[in-house]
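Asker: Need a 3D model of the sequence below.
(one chain, ligands or ions: 2)
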Amino acid sequence: MDARRWLGSVGGGVKSSFVENRSILSFDEYVQVFFDAPRLQARSAAQLLRDVLEHFGTADRETPVGPVRRWRLFDLAFDPDGRAFRVAGQEEVQAALARAVGNFVRAGRVNKLLLLHGPNGSAKSSIVGALFRAMEAYSRTREGALYRYHWVFPSERKVKGGGAVGFGSRPDGGELASFAHLEGEAIDARLACPMKDHPLLLVPKAERRRLLEERCRPSARDGAREEDFVLSDILLEGEPCHYCRQIHDALLGAYQGDWLKVLRHVQVERFYVSARYQQAAVTVEPQLSVDAAYRQVTADRSAAALPPALHALSLYEPVGPLVAANRGIIEYSDLLKRPPETFKYLLGTSETGRVSLDNLLLHLDVVFVASANEKQLAGFKESADFPSFKGRLELVRVPYLRRFSVEKEIYDQQITVASVGKHVAPHATEVAALWAVLTRLKRPIPDRYSGELRSLVEDLVPLEKLRLYDAGSAPDRLSFAQARELRARAGDLYRESDVYPNYEGRTGASAREIKTALLNAAQVAEQRCLTPAAVLAELEAICRDRSVHDFLQQEVVDGYHDHEEFVRVAEAECLDGIEEEIRDSMGLVSESQYRELFARYVTLVSHWVKGEKVKNRITGEYEPPDEGRMVEFEKIVVPPGEDRPTFRRGLIGAVGAFRLDHPDSTEIDYVAIFPDLFRRLRDHYFEERKRQLRRSREDVLRYLSDGRAGLDERARRQVEDTLRAMRERYGYCEHCAQDAILFLMRRRYEG
Ligand SMILES: [Zn+2]
Ligand SMILES: [Zn+2]
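Answerer: Residues are numbered from 1 along each chain as shown. Ligands and ions are numbered 1, 2, ... in the order given. Purely as a prediction, here's the structure:
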């Protein structure tokens, strides 16, 4: 294909999507767009944001600490490189934001500043970043189309020579022509509305209100309810910015009051939200303290080309982040680092939708979001300014995550071969996430519970609390009934300190610090992979930096906040995992064998509970379920002291509950229902085979350290099978397989 044809085809594609997206319109063409979809076009920034939240949908999920609703936009699945910016967890924050935005929509205006507050490095800015990206994506869809307007002035020559200039003549032969579609040389000057204001603001207020009410409010016969669409103050009461007002009035004067002639100069253009180009998605850093100002438009070439009617004007245009953010979101990052007088103007917006700054009046259509850490917020609450702000703030708390697997998602997304330049070994991100969450947990308050639960809560150690939040698993030492009781109250434990100033999730290691630790661990040159051992060494290093990290100075209470000990806890968990994987990869007793054993036991017990007889496969006789076999199995899995009949009934109850919860699943996932029982089962067989395991491990090490010649054929094949299983089932490469085995030997089987 030759170059010209290729360019031609690309150009054709661009052109057709340009036309398809209706990028440039005359004013009357825009009015048609409005007529076609009045409720989409009459949206304010808050209504747009509400629709963005809805557009990507929600998903409801059960967790051990209660049901959550996730707003899918925070997954950033629509964004090719959004994966790394995905917001893990924080569903409560999402719900609070959706609620607040819904309130703005119902009120018809943005009457509060959304203040995201939490400890340093909780996901505050990522949450706003996700909103930005979602706004960007939505503004590129058909229903998300946004329009702004410009003033265009045709060249004198064209107008005089051509007579009837432009397009859009009315079918009735009237003289509504437009300069909107003139191209290149035919246009002498194009002045953009600096606010990206809504084109309908050009319609005089009274007519605009009538138009909006007639088109956007459904009539009763449509069966729709009035409250379905709330007209926003900005569309009803807003006015063109001062800059556009000057141009408008000058043109109106020049045309002796002929408004339609003024509109010929209006060019409506579709625009797209863009954080990079600061279009309707703008972040203000704390050091920047002028949010909007006036700037005189200098008499450049285009100003010289303006029609005579405009020459007399000295045009001032508003500039600054507040202006750039109009029609979208503005984010004040670390708002409270600034002196209150620099953002006092925000108080006015909730009353009038206008901002008055340095004699400058702006009608804004923008959602205000700010972030602050807890210390700054606490300080602000003490300040003399706080009482006036109090009613204008919507406080949204963004704590650290407390569910381990959700925390791990963050690191799994961001710590990859691509980002660290080496293979990420199994358990590397896991130990990091485990430690991070352990540092954040608070000792539960037993006095809030009664009866037996009180002592269960009292005895809960940090790792047990972590597991309860994460997987709803109760400590092994508990009986069935106790475990069930504790699980049922996991949500209460989780929300126990929500109302306290020092809530759980306020202190501890931040994901940002942990990410740095992971990146540092990846720098260890001797290691070919990023290994859990290297990560644990970094976590230990953090523990030594007491003066750097506030949370390390907390007092240890009943094992809570014992951050150095948590490194050892994380290590032990990791070693357990490695051990299990190696054991399984060596094929000693396979996972499917455990499942089979278990399923057979459940069948026996189920007959026993129902008092049924079982057919003896050999004799064909019906007889009671084999008590001996049940007891044999129970010796392995039933916690000591547990009453056997109670255990059996509890077991069948749990299986029944699983069936109720999963009516569609044909298979019962015993491992998921009874993780603790499976652990005991594995441990039991492991003890029996310890010696065999040890020898196999040594074979693997000899094989990997190039002593494969010293192994006989059978041993060598076994090692190769083991390594393959470690790779395929658990994601080890040859290097970290060796590291893992050495790590395990050194920590558990030597000295
Ligand atoms: Zn304007
Ligand atoms: Zn590796």
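Asker: Enumerate the residues of this protein near ligand 2.
Answerer: Those residues of the chain that sit near ligand 2, judged by CB under 5 Å from the ion, are H423, A425, C529, C733, H735, C736. To be clear about C-beta, it is placed using only N, CA and C from the backbone, and glycine gets the same treatment.
Asker: quick one: which helix or strand includes the fifth one?
Answerer: In the assignment (DSSP states H and E), H735 maps to helix 734-748.
Asker: who's in contact with stretch 509-525?
Answerer: The contact list for stretch 509-525 (CB atoms under 8 Å, 6 or more residues apart in numbering) reads 119-123, 400-401, 407, 410-411, 414-415, 420-422, 428-429, 432-433, 435-436, 439-440, 530-531, 534-535, 537-539, 541-542, 549, 551.
Asker: List the contacts of the nearest residue to A192 once chain neighbours are set aside.
Answerer: Nearest non-adjacent residue to A192, counting by CB to CB, 6 or more residues apart in numbering: H150, 4.7 Å away. By CB under 8 Å, 6+ apart, H150 lies in contact with R190, L191, A192, C193, V266, Q267, E269.
Asker: Now intersect those residues with the strands, please.
Answerer: Those of the contacts of H150 mapping onto strands are R190, L191, A192, V266, Q267, E269, per DSSP state E.
Asker: pLDDT score assigned to the last one?
Answerer: The one in question is E269. On the pLDDT scale, E269 is placed at 95.
Asker: wait, what's in contact with it?
Answerer: For E269, the contact set (CB under 8 Å, 6+ apart) comprises S23, I24, L25, Y147, R148, Y149, H150.
Asker: one step back: from the contacts of H150, pick the one nearest ligand 2.
Answerer: Using CB to the ion, E269 comes nearest to ligand 2 of the contacts of H150, at 52.5 Å.
Asker: so what's the closest one bridging to?
Answerer: I24, R148 (DSSP bridges).
Asker: Adjust the sequence numbering to begin at 47 for everything that follows.
Answerer: Okay, residue one is now 47; in that scheme the one you just asked about reads as E315.
Asker: what separates it from ligand 1, distance-wise?
Answerer: From E315 across to ligand 1, the span is 13 Å (CB to the ion, to the nearest Å).
Asker: go on, R760?
Answerer: With distances taken as CB to the ion, R760 is found 83 Å from ligand 1.
Asker: thinking again about what came up before, need the residues of the chain next to ligand 2 in JSON lines (columns: neighbour count).
Answerer: Conversion of the residues of the chain next to ligand 2 to JSON lines gives the following (neighbours: other CB atoms under 10 Å):
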{"residue": "H469", "neighbour count": "20"}
{"residue": "A471", "neighbour count": "27"}
{"residue": "C575", "neighbour count": "25"}
{"residue": "C779", "neighbour count": "18"}
{"residue": "H781", "neighbour count": "16"}
{"residue": "C782", "neighbour count": "28"}
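Asker: from the ones in strands among the contacts of H196, which two are the most distant?
Answerer: Based on CB to CB, the longest span within the ones in strands among the contacts of H196 runs between L237 and E315 and measures 12.6 Å.
Asker: Which positions in this structure make contact with ligand 1?
Answerer: Contacts of the chain with ligand 1, taken as CB under 5 Å from the ion, map to C239, M241, D243, C287, C290.
Asker: got a list of what the nearest residue to R155 once chain neighbours are set aside touches?
Answerer: In this structure, R155 finds its nearest non-sequential neighbour in D279, 4.4 Å apart by CB to CB, 6+ apart. D279 sits next to S90, G154, R155, G399 when contact means CB under 8 Å, 6+ apart.
Asker: Tell me which helix or strand comes right after whichever strand or helix holds A587.
Answerer: In this structure, A587 is located in helix 578-590 according to DSSP H and E. The first helix or strand that comes after helix 578-590 along the chain, using DSSP H and E, is helix 609-631.
Asker: Show me how far that next one is from its chain's centre.
Answerer: Chain-centre distance of helix 609-631: 29 Å, with CA atoms, centre = their mean, to the nearest Å.
Asker: residues of it that come out buried?
Answerer: Under the neighbour-count criterion of 16 or more other CB atoms under 10 Å, helix 609-631 has 609, 612-613, 615-617, 619-621, 623-631 buried.
Asker: now the angle from it to helix 780-794?
Answerer: Inter-element angle recorded for helix 609-631 and helix 780-794: 120 degrees (by axes from the mean of the first three to the mean of the last three CA atoms, to 10 degrees).
Asker: ok and helix 609-631 relative to helix 578-590, angle-wise?
Answerer: Put simply, helix 609-631 runs at 170 degrees to helix 578-590, going by the same axes, to 10 degrees.
Asker: elements contacting helix 609-631?
Answerer: helix 474-486, helix 508-517, helix 578-590, helix 721-734, helix 736-748, helix 759-776, helix 780-794 (3 or more CB pairs under 8 Å, 6 or more residues apart in numbering; DSSP states H and E).
Asker: I'd like these written out as a markdown table, with mean pLDDT added.
Answerer: Shown next, in a markdown table, are the helices and strands packed on helix 609-631 (pLDDT from 0 to 100):
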| stretch | mean pLDDT |
| --- | --- |
| helix 474-486 | 98 |
| helix 508-517 | 96 |
| helix 578-590 | 95 |
| helix 721-734 | 81 |
| helix 736-748 | 77 |
| helix 759-776 | 90 |
| helix 780-794 | 88 |
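Asker: Of those helices, flag the one that's most buried.
Answerer: helix 474-486 (a mean of 27; mean count of other CB atoms under 10 Å).
Asker: Output that helix as CSV, nothing but the C-alphas.
Answerer: Extracted as CSV, the C-alpha positions of helix 474-486 are listed here (Å, rounded to 0.1, in the frame of the first residue of the first chain):
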residue,chain,number,x,y,z
ALA,A,474,6.9,-12.1,48.2
THR,A,475,3.9,-9.8,48.1
GLU,A,476,2.0,-12.0,50.6
VAL,A,477,4.5,-11.4,53.4
ALA,A,478,4.4,-7.7,52.7
ALA,A,479,0.6,-7.5,52.7
LEU,A,480,0.4,-9.7,55.8
TRP,A,481,2.8,-7.5,57.8
ALA,A,482,1.1,-4.3,56.6
VAL,A,483,-2.3,-5.4,57.8
LEU,A,484,-1.0,-6.8,61.1
THR,A,485,0.5,-3.4,61.9
ARG,A,486,-2.9,-1.8,61.5
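Asker: Kind regards, and thank you for your time.
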